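Peer 1: requesting a structural model of the entry that follows:
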Amino acid sequence: MDNTYSEYGDIKIICVEDCGNSPKKKLLKELNIAFAENDIGFIMENITEDVYWNLIGEKLIQGKDNFVETLKQMKNRKVTEIHIRNIITHGSTGAVNGTYILEDKNSYAFCDIYNFTSAGKNSKIKEITSYIIEAS
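Peer 2: Residues are numbered from 1 along each chain as shown. A predicted model of the protein is given here:
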């Protein structure tokens with residue numbers, strides 16, 4: 001599968017090429033870029049008030065306010081590169097896996113599983129389960 005390369009601000013993005021017909025795939029790509037850029041506004045627009053985020057082995061975050069506080073705590077981590085290997089969506093679920101590379105050259109492999117409010121193309125994310133391991 002071919003990769004596309006682009007830059008968003010100071011972040012290099014390498015992502016599997018997509019046919020462009022899936023609004024949820026596009027959203028999940030943009031959401032991962034927003035996490036890397038700490039674009040809290042974009043993320044808040046796309047999650048429910050009662051969002052549930054399970055960072056496996058670390059903590060469980062419930063509700064939009066707690067979600068925002070967690071993102072603010074992550075603000076000091078500077079991502080320089082994202083490699084998105086797969087974006088998979090079907091119905092009201094989706095998954096993204098890849099690698100983040102930080103400014104200090106540490107890298108982290110991740111897999112995020114998403115549950116949306118419905119199968120509709122404009123539905124919001126109600127649940128995220130994140131698996132993250134150091135890959136350096």
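Peer 1: distance check, residue 111 against residue 121.
Peer 2: Distance of residue 111 to residue 121, given as Cβ to Cβ, to the nearest Å: 23 Å. C-betas here are computed from N, CA, C, even on glycine.
Peer 1: so the two - more neighbours on which side?
Peer 2: Higher neighbour count among residue 111 and residue 121: residue 111, with 16 against 11, using other Cβ atoms under 10 Å.
Peer 1: nearest spatial neighbour of the more buried one, skipping sequence neighbours?
Peer 2: Counting by Cβ to Cβ, 6 or more residues apart in numbering, the nearest residue to residue 111 once its immediate chain neighbours are dropped is residue 97, at 4.1 Å.
Peer 1: any idea how far the residue sitting nearest the centre point of the chain is from residue 50?
Peer 2: Most central in the chain under Cα atoms, centre = their mean is residue 32, positioned 3.1 Å from the mean C-alpha point. Applying Cβ to Cβ, the value for residue 32 to residue 50 is 22 Å.
Peer 1: and for residue 44?
Peer 2: As judged by Cβ to Cβ, residue 44 and residue 50 stand 13 Å apart.
Peer 1: tell me, what's touching these two both at once?
Peer 2: Here residue 44 and residue 50 share the contacting residues residue 64, scored by Cβ atoms under 8 Å, 6 or more residues apart in numbering.
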